[in-house]
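A.B. asks: Need the 3D shape of this:
(chains A, B, C and D)
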Protein chains: 4
Amino acid sequence: MHINDFKSVVDRYEIIFFDAFGVIKNYHGLVPGIEQTFEYLDKTGKEYYIVTNDASRSPQQLAESYHKRGLMAITQDRVISSGMLAKEYLDLKVHDGIVAYLGTPNSAHYIESSDLHTLPVGEVDEHNIDSVNALVFLDDEGFDWFRDLNKAVNLLRKRNIPAIVANTDMAYPVNMHDVSVAVGGLADMIENIVGKRFIRFGKPDSQMFMFAYDTIRERRTIEKKDIVMVGDTLHTDILGGNKFGLDTVLVLSGNTQKSDAETRINSTGIVPTYVCETAVINLD
Amino acid sequence: MHINDFKSVVDRYEIIFFDAFGVIKNYHGLVPGIEQTFEYLDKTGKEYYIVTNDASRSPQQLAESYHKRGLMAITQDRVISSGMLAKEYLDLKVHDGIVAYLGTPNSAHYIESSDLHTLPVGEVDEHNIDSVNALVFLDDEGFDWFRDLNKAVNLLRKRNIPAIVANTDMAYPVNMHDVSVAVGGLADMIENIVGKRFIRFGKPDSQMFMFAYDTIRERRTIEKKDIVMVGDTLHTDILGGNKFGLDTVLVLSGNTQKSDAETRINSTGIVPTYVCETAVINLD
Amino acid sequence: MHINDFKSVVDRYEIIFFDAFGVIKNYHGLVPGIEQTFEYLDKTGKEYYIVTNDASRSPQQLAESYHKRGLMAITQDRVISSGMLAKEYLDLKVHDGIVAYLGTPNSAHYIESSDLHTLPVGEVDEHNIDSVNALVFLDDEGFDWFRDLNKAVNLLRKRNIPAIVANTDMAYPVNMHDVSVAVGGLADMIENIVGKRFIRFGKPDSQMFMFAYDTIRERRTIEKKDIVMVGDTLHTDILGGNKFGLDTVLVLSGNTQKSDAETRINSTGIVPTYVCETAVINLD
Amino acid sequence: MHINDFKSVVDRYEIIFFDAFGVIKNYHGLVPGIEQTFEYLDKTGKEYYIVTNDASRSPQQLAESYHKRGLMAITQDRVISSGMLAKEYLDLKVHDGIVAYLGTPNSAHYIESSDLHTLPVGEVDEHNIDSVNALVFLDDEGFDWFRDLNKAVNLLRKRNIPAIVANTDMAYPVNMHDVSVAVGGLADMIENIVGKRFIRFGKPDSQMFMFAYDTIRERRTIEKKDIVMVGDTLHTDILGGNKFGLDTVLVLSGNTQKSDAETRINSTGIVPTYVCETAVINLD
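C.D. replies: This next block holds a predicted model:
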């Protein structure tokens, strides 16, 4: 397996898409030195976007979380999250009534609109259930799993409404040793039980990449061959980027370890254009 | 769809296997009149067994729950539960150490043995994790879903131990309108997340029927053609009974309504030998 | 279930996406009277596109097949096929060498380019296998299933190359009573056997809709709310249209019969914005 | 990973179950030296059985194929095949009419009985289709894949009859480098297309092991702890043996290479009781 130098890869493209977790940040905070990468990109006139399976917070809050850690380069308009696609879906397809949700109040806040009222699944009852016109899976926190996962199952059995999964990840790391079940894993379970088709947003689905691509093309002309997707996960970042027609970089700073990258690439058939140790560009 | 009279079906067999929920009992208690069925079976010298996906209690406790409701015919030795298969597996394959479990203390009690100590998943910690030699999914109650499902995921990532699912049902009815996620549904989610193969006991798996068949054959000679399986669910009772080579009766008193029985039989390809309204035999 | 008048639905939108099979044509040829629909659309200044899971022929040949039957309205630039997405993928991601394919020579012709040579899987041998850089599933005809499906399996075991499925349908109707296994069904089997992730193009995947949407936006400004998707299949046309944020019309002239439309909508949770008997607009 | 000596493992049990392919034979013929293993077992009074996913021939023909290669120890009564379970199912559950099959005439011969007539799927037509009461998947050879797989799909759409898969393997090795799609892989594809539940026989399903266990217990008293299952495949031999409550031996002479045995055991969670290089016992 040939390991490429990240800086020399980046030099071949005009626009860089970054996955967040495992590339720019991890459970300790920012990946050490990553601010140099964005310094380099700014200096060389490259555009960059964070393309992330995250529906727990608004793009503004996601950007602020980078600022608090000292990375000012990531502004709100550079963040493309799966939660934004869920919001777009609701804006286009659900015209009134209540959107029930599983997640924190924070995750629900930004999908609210003047026409749509959000309500935690735990507060759905016989008086308001007939006004519920969609169910959204936003976050694995903020609710009582036993009570509210069962309520979500019964809501979908009683009301034939769309179920939207705003983050398709099944698990996420919480520290060096442990993972936590993500809202995508909970949604898969409920979909299997109720036997209805859910609507999923998030990598590897192409709609994530389209949304970013469209956002850029509203301002400038660009072609897919000028964009590279950088991520740490074969099944989301690399598979999705490849399918959308982008070149892809697997970095070994997150989900995929150097020791088993080659085995995994061969066993899954998901082949990145490049493999790099890290997305950090050392400017010294 | 031809509807048969249950009594005339039963008259053709020597041994009757009954599913419990939806056949003998429902969320209100016993199916009204069902005691007459067992009176008739006793009078005509038929043998009968309850073959049930249930790991929440011991066979003795399951039998007692019928006695409390006035059905004395169901004795402990007539109950074959998926929990008994989980116990047999542990007795044969796990020789020492701790068996971690998800479920109530009651469900754990009867899988204990002189060599195996049971421990709720919630009490697994860094001091005892290396002694945990199996994980058993027993019941959906008795634990904190958020904390303990996540602990179960991480236990299986750290220890390469068998995960045993003692009840494969994905959901069960709690009243006329609502269902609850069963431990089989929780286990499916965790299996998908950790990517390892779990060991499942319960209908439609043949091992359930084999266990009952073996139990009988230790006392008498019998052939499969002399046994009929009575159940309310196509995917467990009927599919499993058919595959084991038994004749099967679908009763319309539970999961499968008369209005959609024919549609479901045609769409699934799971065809019972007979369809009956109920397993109640009216002796008047 | 409320049945809408197709003309009054169409009047609310600027652009109409049509599925082909079951909507405009069936195994007898054109749906009788469908030319009036396009006459009406032309008269009222609506734009229309055929959005079809078909990789058996080029858009030009697909258009010609309508012309031969007397429907001149469907021009080549109105046809968006899943085969076009496969071609775009190859153009962007496979830069040289051989593209092996399953399908007819006709299906392979239009994915050829100056840099990519196509070769039937049956002609892959030890001398050229190292130059094969992709495998494309184009059509279920044109090859020996026994020999070439086995060759495809072994090609993917020996070469870690992308496998592209240019039509995700699992089966298609060949007459009133019979279906035929489609190339998507064959691809699913091979993916399960080799255990690698294939790249699929075709409804319900969003990339199909995106391709059409992009094609339009290169010429004019449009919003998703001005487009309606018309199809006969819940799992492809309606699910995909809904997810992309379009309004959707289920017509009852193909895969979904009037007698079971409501049952299927309720059991799948895939809800079209409208249900119409047919896409034919009677101008008399 | 600790490697055990096969002879010292065998000494701890009274009965040995062997998988055939990858353990006793491979594509060259017998595993060199394997006859010494059976010489040793005979000398030490151990019983042994071949427990094999094979429905291409009768047990008698399977035994003869060993005799022709010089291994006389494998007699017909020592062979337990998945085809025998398919035959038992038909004897118990299909009382008259035609059994359509996919496979060679040879594979069909031994499932015939006085009451059941077998017919290749290719010969099913409008005159006899109403007499077809079951479809059996026996072998991947002996028929025209294109014509007959499509005929099988349409047969199952028109007749609500049981579909029996007599060998669940998805692929099998044909030489050092290549595999061939097995009838289990073809059956999976057709099951997905028609959407009905098929009935499968073969490891890892418990019914295979029960059949062998029952066969033995008709002659003698035995307990599960006295039996060990020897196989080369984690997902069939080892998973199935473990679940049935047997101790298991993974041998490294077939599907599982020494170089990746440990990785696969850890990633699947399927843990054999022992790992041995080979099932050959060197008597020198």
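
A.B. asks: which ones are touching A:Val79?
C.D. replies: By CB atoms under 8 Å, 6 or more residues apart in numbering or on different chains, the contact list for A:Val79 reads A:49-50, A:52, A:59, A:62-63. All C-beta atoms are positioned from the backbone trio N, CA, C, and that covers glycine.

A.B. asks: What of A:Val51?
C.D. replies: Neighbour list for A:Val51: A:17-19, A:80, A:203, A:208-209, A:212, A:229 [criterion: CB under 8 Å, 6+ apart].

A.B. asks: so it bridges to which residues?
C.D. replies: A:Ile80 (DSSP bridges).

A.B. asks: ok, now how distant is it from chain C?
C.D. replies: Between A:Val51 and chain C the distance is 15 Å, computed by CB to the nearest CB, to the nearest Å.

A.B. asks: that older thread, buried by neighbour count, from the contacts of A:Val51: which ones?
C.D. replies: A:17-19, A:80, A:203, A:208-209, A:212, A:229 (16 or more other CB atoms under 10 Å in any protein chain shown).

A.B. asks: now, which of the contacts of A:Val79 sits nearest chain B?
C.D. replies: A:Thr52 (20.1 Å; CB to the nearest CB).

A.B. asks: show me what contacts that closest one?
C.D. replies: By CB under 8 Å, 6+ apart, the contact set of A:Thr52 is A:19-21, A:62, A:79-82.

A.B. asks: Show the pLDDT at it.
C.D. replies: According to the per-residue confidence, A:Thr52 scores 97 in pLDDT.

A.B. asks: State the distance from it to A:Tyr13.
C.D. replies: From A:Thr52 across to A:Tyr13, the span is 19 Å (CB to CB, to the nearest Å).

A.B. asks: same thing with A:Trp145?
C.D. replies: Counting by CB to CB, the gap between A:Trp145 and A:Tyr13 amounts to 42 Å.

A.B. asks: Model confidence for A:Gly202, exactly?
C.D. replies: Looking at A:Gly202 specifically, the model assigns a pLDDT of 95.

A.B. asks: Is it in a helix, a strand, or coil?
C.D. replies: For A:Gly202, the reduced secondary structure class is coil; criterion used: DSSP: H, G, I helix; E, B strand; the rest coil.

A.B. asks: For whatever residue of the stretch 1-150 of chain A ends up closest to chain D, which residues are in contact?
C.D. replies: With CB to the nearest CB as the measure, A:Met1 is the residue of the stretch 1-150 of chain A nearest to chain D, at 16.7 Å. The neighbours of A:Met1, taking CB under 8 Å, 6+ apart as the test, are A:261-262, A:265, A:275.

A.B. asks: And A:Gln61, by the same measure?
C.D. replies: When contacts are counted by CB under 8 Å, 6+ apart, A:Gln61 is found next to A:106, A:110.

A.B. asks: Alongside chain D, which residues does chain A contribute?
C.D. replies: With CB under 8 Å from any CB of the partner chain as the criterion, chain A comes near chain D at residues A:Thr263.

A.B. asks: where exactly do the helices run in chain A?
C.D. replies: A:6-10, A:34-43, A:59-68, A:82-93, A:105-109, A:145-158, A:183-194, A:206-217, A:239-244, A:261-268 (DSSP state H).

A.B. asks: Stretch A:2-17 - what's its average pLDDT?
C.D. replies: Taken as a whole, stretch A:2-17 has an average pLDDT of 97.

A.B. asks: Give me the distance between the two termini of it.
C.D. replies: Across its full length, stretch A:2-17 reaches 22 Å between end residues, using CA to CA, to the nearest Å.
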